[in-house]
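A.B. asks: pasted the sequence and its predicted model underneath.
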Amino acid sequence: MLERIVLEEVSNLADFVRCYEPVFLYLLAKKNNAMRQKEYRRLEQAVESGEKRIAEIDRLIEKVFEQFTIMLRKYEQE
């Protein structure tokens with residue numbers, strides 16, 4: 001019974017595609033475009049997050065270097 005229902009639905013879809021191929025291709029392209037845009041936004045957010053993390057790491061490295069410079073100066077004075 002399930003096999004028959006699936007076969008009918010696949011047949012209906014095939015008929016739709018045959019009769020309305022341009023509409024089907026338009027809908028398919030629209031869906032693919034929406035998926036690409038969603039993926040683009042996700043990647044854009046990942047890049048932004050990575051850039052923020054790199055800036056934070058740079059700031060921390062600079063802070064450590066400043067502390068090292070202060071300690072080195074004190075050591076040289078002793």
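C.D. replies: Sure thing, it's come through. The model shown is predicted, which means the values in this text are computed figures rather than measured ones. Residues are numbered from 1 along each chain as shown.

A.B. asks: where do the strands of the chain begin and end?
C.D. replies: Using DSSP state E, no strands are found in the chain.

A.B. asks: remind me, longest helix of it?
C.D. replies: Ordering each helix of the chain by length in residues (DSSP state H) puts helix 21-77 first.

A.B. asks: just give me how far it sits from the chain centre.
C.D. replies: Distance of helix 21-77 from its chain centroid, counting by C-alpha atoms, centre = their mean, to the nearest Å, is 11 Å.

A.B. asks: pLDDT of that helix, averaged?
C.D. replies: Regarding helix 21-77, the rounded mean pLDDT is 95.

A.B. asks: can you work out which other helices and strands pack against it?
C.D. replies: Packed against helix 21-77 by the contact rule (3 or more C-beta pairs under 8 Å, 6 or more residues apart in numbering; DSSP states H and E) you find no helix or strand. No exception for glycine: its C-beta is placed from N, CA and C like everyone else's.

A.B. asks: surely Val17 meets Leu28?
C.D. replies: No - using C-beta atoms under 8 Å, Val17 is not in contact with Leu28, being 9.6 Å away.

A.B. asks: where's Lys63 relative to Asn33, distance?
C.D. replies: Separation of Lys63 from Asn33 (C-beta to C-beta, to the nearest Å): 45 Å.

A.B. asks: do Thr69 as well
C.D. replies: 53 Å.

A.B. asks: what of Ile57?
C.D. replies: 36 Å.

A.B. asks: also Asp58?
C.D. replies: Distance of Asp58 to Asn33, given as C-beta to C-beta: 37 Å.

A.B. asks: can you check Glu62 too?
C.D. replies: On the measure of C-beta to C-beta, Glu62 and Asn33 end up 43 Å apart.

A.B. asks: and what of Arg4?
C.D. replies: Counting by C-beta to C-beta - Arg4 and Asn33 are separated by 35 Å.
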